[in-house]
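pasted the sequence and its predicted model underneath.
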Amino acid sequence: MHVVIVGCGRVGSALARSLTEGGHTVAVIDKRPEAFARLPTDFSGQIVNGIGFDRDRLTEAGIEQAASLAAVTNGDNSNILIARVARETFGIENVVARIYDPRRAAIYQRLGIATVATVAWTTERVMRRLVPSEAAIEWIDPSARVSLVERTIAGSWSGLPLSELEQPGRVRVAALGRLGVAQVPNADLVAQDGDVVYLAVASDALADVDAALVAGPGKRAH
């Protein structure tokens, strides 16, 4: 697979290294010639000096043969412009843009441009280590209607089917971790004290889910 990466900072250079090590062909575009010094000395990909949304530079990087593009410069506007040119001009399906402003990320996600909101992601990960007792949200969709959350099963749930946590259209058990091993639960799987569950939850049901997990099976999400 051929991948075009626009931006050769820490993220872009790390992506380029990982992709070439995985056997893919890679072209990296950056407007700063000195940025390419971040690439490994044995980098086998192509480097292109220029503006990432310049169609000639994208063509030089092989975008017409590319399967994917990552826009990971240090500017939100540039990344979105690059992503739109890749999608709308060259028809690239797999396009990802790094966005620092989480509000913008949500907007562009709704427009069909996959985004990585680095500030929101980093904030969440740091908070989880600063305040381990805070309830963790692993993922939330751009409309903020559905979340994927990680929760630990209380002892009062031991021996009960995990399916009792579920509510049609509101709560679904997506996965379970037990003794360091993850699995997709079947309908008959029962909970054990200390199990970690990953739940797909309608955002307006989060408080009910947390209350049920703390209070035990007598208090269901509803």
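Alright, I've got the coordinates. Numbering: from 1, shown residues only.

by mean pLDDT, flag the weakest helix or strand of the chain.
For the chain, counting by mean pLDDT, DSSP states H and E, helix 118-130 ranks last in confidence among helices and strands (a mean of 59).

from Gly177, how far off is the nearest residue to Trp139 once chain neighbours are set aside?
Setting aside the residues directly before and after it, Trp139 is nearest to Leu148 in space (Cβ to Cβ, 6 or more residues apart in numbering), at 4.2 Å. C-beta here means a position set from N, CA and C on the backbone, and glycine is covered the same way. Noted for Leu148: a distance of 13 Å to Gly177, by Cβ to Cβ, to the nearest Å.

could you do Ala67 as well?
33 Å.

could you find the closest non-adjacent residue to the residue positioned nearest the centre of the chain?
Closest to where the C-alpha atoms of the chain average out (Cα atoms, centre = their mean) is Val116, at 6.2 Å. Closest residue to Val116 apart from its sequence neighbours, by Cβ to Cβ, 6+ apart: Arg98 at 5.1 Å.

now do the contacts for the one you found.
7, 11, 70-73, 79, 115-116, 118 (Cβ atoms under 8 Å, 6 or more residues apart in numbering).

assumed the residue nearest to the centre of the chain was part of a helix.
No. The assignment for Val116, made by DSSP: H, G, I helix; E, B strand; the rest coil, is strand rather than a helix.

so who does it touch?
96-99, 105.

as JSON lines, the residues you listed with pLDDT, secondary structure and distance to Val26 would be great.
Below are the contacts of Val116 laid out as JSON lines (pLDDT from 0 to 100; DSSP: H, G, I helix; E, B strand; the rest coil; distance: Cβ to Cβ, whole Å):
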{"residue": "Val96", "pLDDT": "89", "secondary structure": "strand", "distance to Val26": "14"}
{"residue": "Ala97", "pLDDT": "89", "secondary structure": "strand", "distance to Val26": "18"}
{"residue": "Arg98", "pLDDT": "87", "secondary structure": "strand", "distance to Val26": "17"}
{"residue": "Ile99", "pLDDT": "84", "secondary structure": "strand", "distance to Val26": "22"}
{"residue": "Ala105", "pLDDT": "72", "secondary structure": "helix", "distance to Val26": "25"}
